[in-house]
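Asker: have a look at this fold, sequence not included:
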């Protein structure tokens, strides 16, 4: 899946010359945590978070004596070194960006113009969709040899058993000679397909059913 298919396109932005007070009001009104900041040409020049606004606002002990702080322009508190992504980037790639840079949102740009935004919540929701865990079904983990064509061989067992696969994930085993394939299948009783997999010589790691799996 590419970013364009899951990003929010109705992006709330503010101008770099808008006051901090306006950002505070927008964050509260729309219940959001980040606001991309643009210039007069609507080009992305920065980003602010609710934490940036809190840090720049008067404390509760000086709220009535430092009101001029809220009139400072956003360009004084925004982060100008903004990490961005392109609409045609893959979701998996930007998930890695979120993890590596420990950010809460990612503006999506074409050139200097912002065309969308992706948040941590968007990433989590998309990964749930990609893995199929929001649909009724069962999960099966199979240990296989790390060789070309093995995925096709294993999925043929599901095909012959007429079991619908909702999603497939692959990750390395502890040794380089094997890997683990995680299947999400559209059945609440995986006993039959587990038996079929074992009959074909595959090691089923999960579910570990007594008397069925090894």
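Answerer: Yep, it's here. All values derive from a computational prediction rather than experimental measurement.
Asker: give me the distance between residue 185 and residue 144.
Answerer: Separation of residue 185 from residue 144 (CB to CB, to the nearest Å): 16 Å. Heads up, the C-betas are built off the backbone N, CA and C, glycines and all.
Asker: how about residue 135?
Answerer: Per CB to CB, residue 135 is found 24 Å from residue 144.
Asker: more crowded one of those two?
Answerer: Legend: neighbour count by other CB atoms under 10 Å for residue 135 and residue 144, higher for residue 144 (19 against 12).
Asker: my read: the more buried one touches residue 202, true?
Answerer: Yes: counting by CB atoms under 8 Å, residue 144 does reach residue 202; the two are 6.3 Å apart.
Asker: next, show the common contact partners of the two.
Answerer: With contacts taken as CB atoms under 8 Å, 6 or more residues apart in numbering, residue 144 and residue 202 have residue 154 as neighbours in common.
Asker: how about the helices in this structure?
Answerer: Under the criterion DSSP state H, the chain contains helices at 20-30, 50-56, 91-101, 120-131, 150-160, 191-199.
Asker: what ranges does this protein have for its strands?
Answerer: Remark: strands assigned in the chain by DSSP state E are 14-15, 34-38, 44-49, 105-110, 113-119, 138-145, 165-172, 178-185, 203-206.
Asker: what residues does residue 126 make contact with?
Answerer: Here residue 126 is in contact with 1, 6, 91 (CB under 8 Å, 6+ apart).
Asker: should've said residue 182
Answerer: Taking CB under 8 Å, 6+ apart, we find residue 182 in contact with 139-142, 168-171.
Asker: and if you look at residue 105?
Answerer: By CB under 8 Å, 6+ apart, the contact list for residue 105 reads 33-34, 47, 117-120.
Asker: how about CSV for the residues you listed, with distance to residue 70 added?
Answerer: As requested, these are exported to CSV (distance: CB to CB, whole Å):
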residue, distance to residue 70
33, 19
34, 19
47, 19
117, 25
118, 29
119, 26
120, 28
